[in-house]
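Asks: Fold the following for me, if possible:
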Amino acid sequence: MAKLIPSEGIGVAWLSAARHLDGQKGKKDRNLVLEISKPQALAADDRTVIKAVDTVLREHNSDLSIETVAGTIFPNGLYRRDQRPQFYKTYSDIMAKAKKPGTWGTYAMRMIRRVNRSGTGVFNPLETIVEKLLDSHEGKQYQSAYELGVIDIEDDLDDNHDGFGFELPLYDPATDRKVAMNMPCLSHLSFKLTDGKLDLTAVYRSHWYGQRALGNLVGLSQLHSFVGKESRYECGTLTCIATHAYLDTENLGGAKAAKALLDSLPPT
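Replies: From the prediction side, this is the model:
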């Protein structure tokens, strides 16, 4: 049965979900759904949670922090410095040198640079979504295109389709279908217009709540903010669905340390 956790902020949403997982057998659950109504507005409790988790992650993982995880979804600092569209090129140039051999890269890279099906060129799925949302101000404002992220990404974003498709599939059958490990956990992003506001839904095939989930929520909120700002829509709800959620206490210093961390944070 799905577990729904509503919250205003990303920090408190993570905390509620982590406490839920801590009480489950094996610290695991299926179809854990966070519904965050104000993902860009960080209240005092949200900031307290983010700071505390970031401190613990840095203590127990030499190359891991909330900022580094968030940056794999959206390079917010680079965007703020270079702005759209220049930051696309800057980030691509950086990743061309920084990507480690044998790895699949970052979610951000999959969003902004994909090879087309002919293999003769590249395109930018994220920019396509921004442009389609901008176009929707002048034409019919579709709420949803009802796609599943299982068809070719070029079909999802094809301008010849009837309506505005705001889907951003990150799972790539060409490279991911034969891989069981070291593959993307974020499978799909869906932008929807609801009463003039831009909602974002993220679907994870697997979500580790100790190591990654809070940083991912920060990155998703920044991505959400970027698309809303650049397409001239107010941001609405951020929904994060983990079809498999796990509280990996080993990345928080162990079971006792993780429990102490959760107990020390504000009530939810």
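Asks: from the middle of its chain, how far away would stretch 241-252 be?
Replies: Computed by CA atoms, centre = their mean, to the nearest Å, the separation of stretch 241-252 from the middle of its chain amounts to 15 Å.
Asks: State the mean pLDDT of it.
Replies: Confidence over stretch 241-252, taken as the mean pLDDT, stands at 95.
Asks: Give the buried residues for that stretch.
Replies: Neighbour-count burial for stretch 241-252, with 16 or more other CB atoms under 10 Å as criterion, is recorded at I241, A242, T243, A245, Y246, L247, D248, T249, N251, L252. No exception for glycine: its C-beta is placed from N, CA and C like everyone else's.
Asks: likewise stretch 198-218?
Replies: Judged by neighbour count (16+ other CB under 10 Å), stretch 198-218 contains these buried residues: 198-204, 207-218.
Asks: Report the distance from stretch 130-139 to the chain centre.
Replies: How far stretch 130-139 lies from its chain's middle: 22 Å, per CA atoms, centre = their mean.
Asks: Please disregard the earlier target; I meant stretch 80-90.
Replies: Using CA atoms, centre = their mean, the distance from the centre of stretch 80-90 to the centre of the chain it belongs to is 19 Å.
Asks: So what touches that stretch?
Replies: Where contact means CB atoms under 8 Å, 6 or more residues apart in numbering, the residues beyond stretch 80-90 that reach it are P75, L78, Y79, I112, R113, N124, L126, E127, V130, F226, E230.
Asks: So what touches stretch 261-268?
Replies: With CB under 8 Å, 6+ apart as the contact definition, stretch 261-268 has outside contacts at 7, 12, 15-16, 18-19, 22, 45, 48-49, 52-53, 56, 252-253.
Asks: before we move on, back to that, list the ones among the buried residues of stretch 198-218 that fall in helices.
Replies: With DSSP state H as the criterion, helices contain A213, L214, G215, N216, L217, V218 from among the buried residues of stretch 198-218.
Asks: In this protein, where's the longest strand?
Replies: Secondary structure of the chain read by DSSP state E shows that its longest strand is strand 234-246.
Asks: how about T201, what does it touch?
Replies: Counting by CB under 8 Å, 6+ apart, the residues that T201 touches are L189, S190, K192, L238, T239, C240, I241.
Asks: So which of those is surrounded by the most neighbours?
Replies: Using other CB atoms under 10 Å as the neighbour criterion, C240 leads the contacts of T201 with 27 neighbours.
Asks: Next up, the contacts around that one.
Replies: Counting by CB under 8 Å, 6+ apart, C240 makes contact with A13, V33, L34, I36, T201, A202, Y204, H207, N216, L217, L220.
Asks: give me the beta-bridge partners of it?
Replies: Under DSSP bridges, the beta-bridge partners of C240 are L34, A202.
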